[in-house]
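S.K.: Got a sequence here, can you build the structure:
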Amino acid sequence: MERQTFTEGSPWEPIVGYARAVKIGNIIEISGTTATVNGEVVGKDDVYLQTKTILQKFEKVLETFGASMQDVVRTRIFCTDITQWEKIGKAHGEFFGEIKPTTGMYQISKLISDDLLVEIEATAILRS
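M.R.: Below you'll find the model as predicted:
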């Protein structure tokens, strides 16, 4: 099976040695994604805006592989303050309300920058 990768030019991609997403066959895995756009954190104090920004980035990644949010079967949400779950959940629900992928939301102690409040990973499966 052919392996396709998608990179977005994040400063961490070459240092850590990863791609934003990888597609093999009909499976697409999207790496942990934050609300960093053009090297700047979007919504430094706004977990809702950060979540929305991440999911908008997912849409663009999926499009490059001929997929859409409808193909997402699982998300994993990591946040630095679980008490903000409703704001995170609201943004997630706006993108996935009818799709209903499986998900998990986990509080972690810290992300790569103090300005980052949430990071999300996803798995998508293209239907034949």
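S.K.: OK, contacts around residue 54?
M.R.: 33-35, 118-120 (C-beta atoms under 8 Å, 6 or more residues apart in numbering). For glycine as for every other residue, the C-beta is placed from the backbone atoms N, C-alpha and C.
S.K.: If you rank those by neighbours, which is first?
M.R.: Within those, most neighbours by other C-beta atoms under 10 Å means residue 118, with 28 neighbours.
S.K.: Relative to residue 17, which of the contacts of residue 54 is nearest.
M.R.: residue 33 (16.6 Å; C-beta to C-beta).
S.K.: what's the closest non-adjacent residue to that closest one?
M.R.: Closest residue to residue 33 apart from its sequence neighbours, by C-beta to C-beta, 6 or more residues apart in numbering: residue 54 at 5.0 Å.
S.K.: Can you tell me what sits against the helix or strand bottoming out on mean pLDDT in the chain?
M.R.: Least confident helix or strand, the chain: helix 12-16 with a mean of 87, by mean pLDDT, DSSP states H and E. The contact list for helix 12-16 (C-beta under 8 Å, 6+ apart) reads 7, 18-20, 112.
S.K.: for that helix, the distance to its chain's centre please.
M.R.: 17 Å (C-alpha atoms, centre = their mean, to the nearest Å).
S.K.: does the closest residue to residue 77 other than its chain neighbours sit in a helix, a strand or a coil?
M.R.: Excluding the flanking residues, the one nearest residue 77 by C-beta to C-beta, 6+ apart is residue 105, at 4.3 Å. When classified by DSSP: H, G, I helix; E, B strand; the rest coil, residue 105 comes out as strand.
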